[in-house]
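**Student:** prediction below, plus the sequence it came from.
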Amino acid sequence: MNANDDTEASADKLRYQSTDASMDVSLNTSGQREPHWDYVIQSFERMEANELQGRQRKMERLLRDDGASFNIYNSPDTNDKIWGLDLVPAIIPSDQWSTIEAGLLERAELFNMLLQDIYTQRTLIRQQVIPPEALFCHPGFLHACQGIQVAGEHQLIIHSVDMLQQADGQMLVLADQTQIPTGSGYALENRTIMTRVFPSLFRHSHVHRLSTYFQRLRAKLLSLGPHIDNPRIVILTPGTGNNSYFEHAYLANYLGFPLVQSGDLVVRNGFLWMKSLDGLKRVDVIWRRVKDAACDPVELRADSQFGVAGLIEVVRAGNLVIANPLGAGILENPVLYRYLPAISRHFLGREPRLASVSTWWYGDADDRAWIDANFEQLTIRAVSPQPEITAGNVAAMTPEQQQTLRAAMKSRPEYFVAQSIPAPKQMPSLSPTTFGSRAALMRSFACASESSYYLLPGGLTRVSQSDEEPLLSIRDGVQSKDTWVIASDPAPEVESPSATEQITDYADLQLQSLPSRAIENLFWMGRYAERAESALRLIRTLFSQLNSDDPISNTPRLRLLEAVTHLTATRPGFIGNEELIEHPEQELLSIINDGQRSGSIRNTLNCMIHSADASKELLSLDTIRVINDLRDALNALDRAVSYNPDGVPEECLDPIVTALMALSGLTHESVVRGIGWHFMSIGKRIERAVQTLTLIKTLLIPPASVNEQETLLRALLLTLEMLITYRRRFRTVVDIEAGLDLALLDATNPRSIMFQIDQLAEDIKTLPKAEQSTRELMADERCVLKAQTDLKLSRLNELAMVTENGRENLQALAERLDNHLETLSTVLSETYFEHKASYTQLVKGYWAE
């Protein structure tokens, strides 16, 4: 056996122990290990514990670096969870997969026919194959979508199936996902991680590739463009709050499609448009990750914030294709399983190859009597989720819950089904302490391709973490597995369909994937990062002054503490509060670590991380890793505070500053100077200039003695990272004019005000401008020119001049510059950023009642 991932035998190893040999997929009926599982299990059994732990840590680090997360709904912890991956893959041999594949492809074709019939002829109802109530009781039926058809043979573009393996080895379908099938991106991430953690094991197992599926999917989406050679395709996401937002951004990046939210789109003149910096760009195809009813607040759910007003009308006019089409959610109706054999005979002339879970509909009189007689042995499902009703395994319910459920079923029988769900077979699974078997479910993915469907080889396998909860949902945040379909020979190379794509508009490429919302997020990402860094640098300077062998006098101490309040905008803070000034520890702790306090460093960093997450599809993997480093540093800060609630150890701030510097370096050295980079740079330059001006106004303008002024100037230069440069130029001489020259006017100093203004001028030149007949400057250009002029016309001796009110000339200059920068920020927001208006549904359709 050849496996570089293995090590020599050792006593400190895990041995595989099956929980139930009769239900273990890795064992045959004789209790012997299946050949396709033997190599993998032996590979793990040969690994020493420290090697296995090392691979586990590597896997967790890679998932964390990629930002692979999943938000668990109804969890008390609001933070996204790192995606869980079991190191042991799910193994499916080729012969077994061929049988599964045939059944899944047939099912996709069947559901495609079913969807087309529901919204056109409805022969199933006309010929009494299914009763009308079975169809119309489900909220997934959208009357507004009647008659809307996708050109070509396929109405259902993507089809996903949840299934389990029964005790006899046959696969059983539990549910179909047709609105927004979730999980293919996570399956791809699992594969990427496993090939890096177990490269040799993967290579020698001859596993079918996943990339072909995504190539076929991309080609299909491109082919959907109505009468257009180079259609614009977007992925519509509800936003960062969605539980699977990572997958949305991951697939957008992988497939090369813009990731948009509802605010990025608008309907005009019968077409759908994306708002980009250089105007509206027509959208031809949407791959939606938003549920049916939420896609159009005009014709569907009026309270939806995730849809686009008038979207259905554009589809109805044939000017837009949506995958999956609106209304596809009707196929998730569990009542259909009761009639699926008859539906299959109607369309295919035979019963389906792949059986569905046994289902009885409470709306049918005969089924109702049978359900009542066997109530406690069944699993009850509502046709659509009803939060006030506890459904599920009846045997696990309390008598009160059973009584409430029975009453609900009696009042509206057509809204409930009963199912008999067998125990799923188990497969090898690795936990921190055991190597045993756990119940497993698999989700498959099929996409329309040419004349049929193409199936993702494998899918997303999930394993239970306890024997008490064998049935799993992707929403539960359970462990997942990479699913390996084993081939007898290495898979051949397949030419990517993208190799034949023609790029027809090179000039458009820079802007087509940057809706104005994404640009705004990058702008604020730059501002928040700089705001947090400036505050951290000042607080580190403050700590160094407060804790030095030569404590600072009262006036510099007061000014520095007030500067912290002004810089973080956490008023009243230290302003006029003598008690806090005397004992600043708790206030500083709040300013640093109180995430609920506006302006605190943690709050600012959370805003920066949110802006980064909202533009994740535009960020490189290295940038995402640095963002995750910031998350880790904030978690470390939490732990430090819990150990020492009376103060913040200074060393806990250093990793945060280091991560922010790494982010700055990455964006400067590794990001193409496109529109997104320039807006991030603009945000950074505006914020750095504003923060520097705030420091100057607080520390240098009010009157102070010579010694106090020397201390304050040194603190300013230290905070701005100019102290070493100052000493190299002027040695130990403390001179306000020299300090102001370095902080204000030195265009070679990357932290001076002049440097920020000059960079703003360069960045603003690159922005798209509205066409105009005159040569006058645009509003943003005028703001920058005014700031440059004020700086260049200033005289250092006048700025350093002190009156009884302090440095009044310096105060006037700082206020003028602040006004120019504030005006510039407002102009940029009004010109380039989108401010979405709300919609009101004037007429309420019966489908929304």
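**Tutor:** Happy to help now that I have it.
**Student:** how near is the closest residue to residue 360 other than its chain neighbours to residue 134?
**Tutor:** Using C-beta to C-beta, 6 or more residues apart in numbering and skipping residues adjacent in sequence, the residue nearest residue 360 is residue 367, 4.0 Å away. Every residue, glycine included, has its C-beta placed from N, CA and C. Distance, residue 367 to residue 134, using C-beta to C-beta, to the nearest Å: 11 Å.
**Student:** quick one, what contacts residue 128?
**Tutor:** By C-beta atoms under 8 Å, 6 or more residues apart in numbering, residue 128 lies in contact with nothing.
**Student:** for it, phi and psi?
**Tutor:** phi 60, psi 30 (degrees, to the nearest 10).
**Student:** thinking again about what came up before, how near is the residue nearest to residue 360 to residue 408?
**Tutor:** From residue 367 to residue 408 the distance is 17 Å (C-beta to C-beta).
**Student:** next one: residue 261
**Tutor:** 36 Å.
**Student:** neighbour count winner among those two?
**Tutor:** Neighbour tally, residue 261 and residue 408, criterion other C-beta atoms under 10 Å: the higher count belongs to residue 261, 23 against 19.
**Student:** for residue 427, give me its contacts.
**Tutor:** 24, 25, 26, 88, 90, 91, 437, 438, 440, 461, 463, 481 are the contacts of residue 427 under C-beta under 8 Å, 6+ apart.
**Student:** may I ask which helix or strand encompasses residue 598?
**Tutor:** Using DSSP states H and E, residue 598 sits in no helix or strand.
**Student:** next, count neighbours for it.
**Tutor:** 11.
**Student:** so it touches residue 569, yeah?
**Tutor:** Yes. Using C-beta atoms under 8 Å, residue 598 is in contact with residue 569, at 7.4 Å.
**Student:** skipping adjacent residues, who's closest to residue 140 in space?
**Tutor:** In space, residue 140 is closest to residue 329, 3.3 Å off (C-beta to C-beta, 6+ apart).
**Student:** what distance do you get for residue 358 to residue 424?
**Tutor:** Relative to residue 424, and taking C-beta to C-beta, residue 358 is found at 15 Å.
**Student:** who has more neighbours out of those two?
**Tutor:** Neighbour totals were compared for residue 358 and residue 424, and residue 424 leads with 25 against 14 (other C-beta under 10 Å).
**Student:** wouldn't that one be in contact with residue 165 here?
**Tutor:** Yes. Counting by C-beta under 8 Å, residue 424 touches residue 165, with 6.3 Å between them.
**Student:** shared neighbours, these two?
**Tutor:** Joint contacts of residue 424 and residue 165 (C-beta under 8 Å, 6+ apart) are residue 440.
**Student:** buried residues, the strand or helix carrying the residue nearest to residue 360. List them.
**Tutor:** Assigned by DSSP H and E, residue 367 belongs to helix 365-373. Using 16 or more other C-beta atoms under 10 Å as the test for burial, helix 365-373 gives 367, 368, 371.
**Student:** not counting its neighbours along the chain, what's nearest the second one?
**Tutor:** Across the structure, with C-beta to C-beta, 6+ apart as the measure, the residue nearest residue 368 apart from its sequence neighbours is residue 362 (5.3 Å).
**Student:** quick check: that neighbour vs residue 378, distance?
**Tutor:** Residue 362 is 11 Å from residue 378, by C-beta to C-beta.
**Student:** cool, residue 354 as well?
**Tutor:** Where residue 378 is concerned, residue 354 sits at a distance of 22 Å (C-beta to C-beta).
**Student:** what of residue 763?
**Tutor:** Taking C-beta to C-beta, one finds residue 763 at 65 Å from residue 378.
**Student:** next: residue 713.
**Tutor:** In terms of C-beta to C-beta, residue 713 sits 79 Å off from residue 378.
**Student:** now residue 28
**Tutor:** Distance from residue 28 to residue 378, by C-beta to C-beta: 32 Å.
**Student:** who has more neighbours out of those two?
**Tutor:** Under the criterion of other C-beta under 10 Å, the comparison of residue 28 against residue 378 puts residue 378 first, with 19 against 14.
**Student:** my guess is the more buried one meets residue 409, correct?
**Tutor:** No. In this structure, residue 378 is not within contact of residue 409 by C-beta under 8 Å, at 11.2 Å.
**Student:** any regions of the chain where pLDDT drops low?
**Tutor:** 1-12, 71-80, 227, 466-478, 489-513, 645-649, 770-774, 834-849 (pLDDT under 70).
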